[in-house]
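A.B. asks: build me a model from this:
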Amino acid sequence: MKRENPPTRLKFQIRKALNQDVKEMQKLINHFASEGLMLSRSLSELFDTLRDFHVCQGEEGILGVCALHVVWEDFAEIKSLAVAPPYQKQGIGKQMVRACLNEAVSLKIQHVFTLTYKPDFFQPFGFHVVEKDILPHKVWGECIKCVKFPDCNEVALIVDLGTETP
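C.D. replies: Okay, here's the model as predicted:
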């Protein structure tokens, strides 16, 4: 996150997270959490949910993270999407969301939702705005940890996948 100008032709790979990625993942997530843009994550929580995460690996280290968390039989949540500031607007976030949606399809999950401050980012993937109260109650377990609860201004979006790959 220290680099000011990324290379013109950025080389990176989207892959499942590994144990050795967790400290860098936490640093990136908690950077955005300190700005009030997402929930912070402890090392313990990240190790517990490691299998949910994809990372974007570049020559410089972890450039982005994103999780697909299975909530219920046919519901999953995309969460903790973060791309290091110098590497934003280069397609990393889009590829990470696509990786999560592809994983959801492979798991035969019908509905994927997200809570976000940037709904426009998710709409090209077919997400549409919904009322938060239609989401499974298990979602609110994390919301209680947020300093903005219960006056959250995140937007709830959902996409119905069926069996098609996005």
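A.B. asks: now do the contacts for residue 13.
C.D. replies: Residue 13 is in contact with 56, 57, 58, counting by Cβ atoms under 8 Å, 6 or more residues apart in numbering. For glycine as for every other residue, the C-beta is placed from the backbone atoms N, C-alpha and C.
A.B. asks: list the neighbouring strands of the host helix or strand of it plus their orientation.
C.D. replies: Per DSSP states H and E, residue 13 falls inside strand 12-16. Strand 12-16 sits in its sheet next to strand 53-58 (antiparallel), going by DSSP bridges.
A.B. asks: in its sheet, what does the helix or strand following the strand it pairs with sit against?
C.D. replies: Later in the chain than strand 53-58, the nearest helix or strand by DSSP H and E is strand 61-72. Each strand paired with strand 61-72, and its direction, by DSSP bridges: strand 53-58 (antiparallel), strand 75-83 (antiparallel).
A.B. asks: residue 35 is nearest to which of these?
C.D. replies: strand 75-83 (10.6 Å; Cβ to Cβ).
A.B. asks: so for stretch 66-76, what's the average pLDDT?
C.D. replies: Averaging pLDDT along stretch 66-76 gives 93.
A.B. asks: which positions in it come out as buried?
C.D. replies: For stretch 66-76, burial by neighbour count (16 or more other Cβ atoms under 10 Å) applies to 66, 67, 68, 69, 70, 71, 74, 75, 76.
A.B. asks: quick check, nearest of those residues to residue 46?
C.D. replies: residue 67 (9.4 Å).
A.B. asks: against residue 126, how distant is the closest one?
C.D. replies: Per Cβ to Cβ, to the nearest Å, residue 67 is found 19 Å from residue 126.
A.B. asks: and the direction of the strand or helix carrying residue 101 versus that of strand 61-72, what angle?
C.D. replies: In this assignment (DSSP H and E), residue 101 forms part of helix 92-106. If you take axes from the mean of the first three to the mean of the last three Cα atoms, to 10 degrees, helix 92-106 sits at 30 degrees to strand 61-72.
A.B. asks: mind listing what's buried along helix 92-106?
C.D. replies: Buried residues in helix 92-106, counting neighbours by 16+ other Cβ under 10 Å, are found at 92, 93, 95, 96, 97, 98, 99, 100, 101, 103, 104, 105.
A.B. asks: hang on, residue 104 packs against residue 158?
C.D. replies: No. Using Cβ atoms under 8 Å, residue 104 is not in contact with residue 158; the gap is 11.8 Å.
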